[in-house]
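[1] I'll drop the sequence and a predicted model, then ask my questions.
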Amino acid sequence: MKYHKLFNAERHRSVVDELKSLGVHAVGFNQWWVPLVEFSAGGAVLVGLLAPLAALGLLVIILVAAATSGRRRIQLYKPIDEADRIDDWLYLPETLYAFMLIIIVSAGAGPYSLDALVLGLMNKHVV
């Protein structure tokens, strides 16, 4: 849970350790920035508040996660050929998350979101 990455000392320490092991730069900044974006943007996507912008922020984090920890996991799977390597990439959870976030970025939050509610209220006051 993203909440625990921010507010649970043990879980936060594991995030720091993973960032260090992956060679991520500016660990002091990213140890707080990444879980904060995951938590706040995830909540925004959930309720549909500025969902395309929030999903875009999450998409950047997911792509970095796939390029760092995803690549490491695929190396551990030891793919036997290029088709197996592609299959491993497609089975990463990050790949599925990225496709879902791309849909939200391109289609928006939908009719049952806070964005739609606010837009509907704004349109009533304009007319």
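    In hand now; what should we look at?
[2] where does this structure dip in pLDDT?
    Counting by pLDDT under 70, the chain shows low-confidence ranges at 1, 127.
[3] quick one, longest helix in it?
    The longest helix of the chain (DSSP state H) is helix 27-47.
[4] excluding its backbone neighbours, what's nearest the residue nearest the centre of the chain?
    Per C-alpha atoms, centre = their mean, the C-alpha nearest to the average position across the chain is that of Leu58, at 3.3 Å. The shortest distance from Leu58 to any residue other than its chain neighbours is 4.9 Å, reached at Ala41 (C-beta to C-beta, 6 or more residues apart in numbering). All C-beta spots, glycine's among them, are computed from the backbone N, C-alpha and C.
[5] what number of residues lie near that neighbour?
    A count of nearby residues for Ala41, using other C-beta atoms under 10 Å, gives 24.
[6] identify the residues contacting it.
    In this structure, Ala41 makes contact with 54-55, 57-58, judged by C-beta atoms under 8 Å, 6 or more residues apart in numbering.
[7] filter the residues you listed down to the buried ones, ChimeraX style.
    Only the buried entries of the contacts of Ala41 go into this ChimeraX selection, using 16 or more other C-beta atoms under 10 Å:
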select :54,55,57,58
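[8] what packs against the helix or strand hosting His12?
    Assigning secondary structure by DSSP states H and E places His12 in helix 9-21. Applying 3 or more C-beta pairs under 8 Å, 6 or more residues apart in numbering; DSSP states H and E, one finds that helix 9-21 makes contact with helix 2-7, helix 27-47.
[9] which ones are touching Ile74?
    Applying C-beta under 8 Å, 6+ apart, the residues near Ile74 are 85, 88-89, 92.
[10] which ones among those lie within helices?
    85, 88-89.
[11] ranking by neighbours, what's the top pick from those residues?
    Asp88 leads the ones in helices among the contacts of Ile74 on contacts (other C-beta under 10 Å) with 18 neighbours.
[12] these two touch, right, that one and Gln75?
    No: look at Asp88 against Gln75 with C-beta atoms under 8 Å: they stay out of range, at 9.4 Å.
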